[in-house]
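**Student:** below: sequence and its predicted model.
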Amino acid sequence: MNKLYSPAEAFELLSKTARAKFDETVDLAIKLGVDTSKNPSVRGTVNLPAGSGKTKKVAVITRPERVKEAEEAGAVAAGGEDLAEKIKSGFMDFDVLIATPDMMGTVGKLGKILGPRGLMPNPKSGTVTDDIKKTVGEFKGGKVEFKMDKGGVVGLGIGKASFAADALKQNFRAVLSAVNSARPSGFKGVYVRSVTLSLTMGPGIKLDPRLAMEEVGK
């Protein structure tokens, strides 16, 4: 399949590829023209206007006096040294880990466990913060992290097959805009090389990257 589709054509075709018996995730893969050996990783967060279709489990590492605050915000687990020890012992029943700045010394000791899983709190991804209530709420809703992999690809889910086309398009535009804003300082050349949409069990649908980027700002 060598044809490059416009966003409108791609989303129409996407709806026709849904054949699984479950509500498949709509995956977006953006191949960047960034030299991964010379540039810092392109990363950040984006609020999906239509939500992600999944309620994320958020854990918080903070001081004991703020544990109740985290729990009331909706965290599935909250604690300080005790939660860190629990994670060391194998507790990983969460999708996002948030930490307050004053606990980064404790969190740093979990790097070998959290790093490979992409769960290490980081200021650039918004997961190191003093605003526990707001941040937990955002990640439980439609806020998601993105990060370029070693192959120069940013990949993430932008919704579910059951979403209306307009909802998926809103999320699509939001992600492209966020990735575009995360362009490394001083970068020269073609930034977005390819854009591909797919369902969990479906084929990749390649978009014309120029037409895709025209969606940014709409």
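**Tutor:** Done, it's in. Numbers count the residues shown, from 1 in each chain.
**Student:** okay, CA-based contacts and neighbour counts for the rest of this
**Tutor:** Will do.
**Student:** could you list the buried residues of stretch 98-113?
**Tutor:** Within stretch 98-113, the residues that count as buried by 16 or more other Cα atoms under 10 Å are 98-101, 104, 106-107, 110.
**Student:** what segments of the protein are strands?
**Tutor:** 25-32, 43-47, 58-61, 77-79, 96-99, 143-147, 153-160, 192-199, 205-207 (DSSP state E).
**Student:** and the most centrally placed residue in the chain, what pLDDT?
**Tutor:** Centroid-nearest residue in the chain, with Cα atoms, centre = their mean: residue 145, separated by 2.8 Å. On pLDDT, residue 145 comes in at 87.
**Student:** what's the separation between it and residue 216?
**Tutor:** From residue 145 across to residue 216, the span is 18 Å (Cα to Cα, to the nearest Å).
**Student:** does residue 153 have beta-bridge partners, and which?
**Tutor:** Counting by DSSP bridges, residue 153 is bridged to residue 31.
**Student:** look at it and report its pLDDT.
**Tutor:** On the pLDDT scale, residue 153 is placed at 95.
**Student:** isn't it up against residue 28?
**Tutor:** No: contact criterion Cα atoms under 8 Å: residue 153 and residue 28 do not qualify, at 10.0 Å.
**Student:** contacts only, for the nearest residue to residue 132 once chain neighbours are set aside.
**Tutor:** Of all residues not flanking residue 132 in the chain, residue 70 sits nearest, at 6.2 Å (Cα to Cα, 6 or more residues apart in numbering). The contact partners of residue 70, by Cα atoms under 8 Å, 6 or more residues apart in numbering, come to 60, 78, 132-133, 136.
**Student:** swap in residue 36?
**Tutor:** Per Cα under 8 Å, 6+ apart, neighbours of residue 36: 150-152.
**Student:** with residue 79 instead?
**Tutor:** Contacts of residue 79 (Cα under 8 Å, 6+ apart): 60-64, 67.
**Student:** how far away is residue 181 from residue 91?
**Tutor:** 35 Å.
**Student:** same question for residue 47.
**Tutor:** 27 Å.
**Student:** so those two - more neighbours on which side?
**Tutor:** Applying other Cα atoms under 10 Å to residue 47 and residue 91 shows that residue 47 carries more neighbours, namely 18 against 11.
**Student:** for residue 73, see how far away that one is.
**Tutor:** The value you get for residue 47 to residue 73, if Cα to Cα is used, is 18 Å.
**Student:** try residue 91
**Tutor:** 20 Å.
**Student:** make JSON lines out of the buried residues of stretch 98-113 and add distance to residue 124.
**Tutor:** Output for the buried residues of stretch 98-113, formatted as JSON lines (distance: Cα to Cα, whole Å):
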{"residue": "98", "distance to residue 124": "12"}
{"residue": "99", "distance to residue 124": "13"}
{"residue": "100", "distance to residue 124": "14"}
{"residue": "101", "distance to residue 124": "13"}
{"residue": "104", "distance to residue 124": "14"}
{"residue": "106", "distance to residue 124": "19"}
{"residue": "107", "distance to residue 124": "16"}
{"residue": "110", "distance to residue 124": "18"}
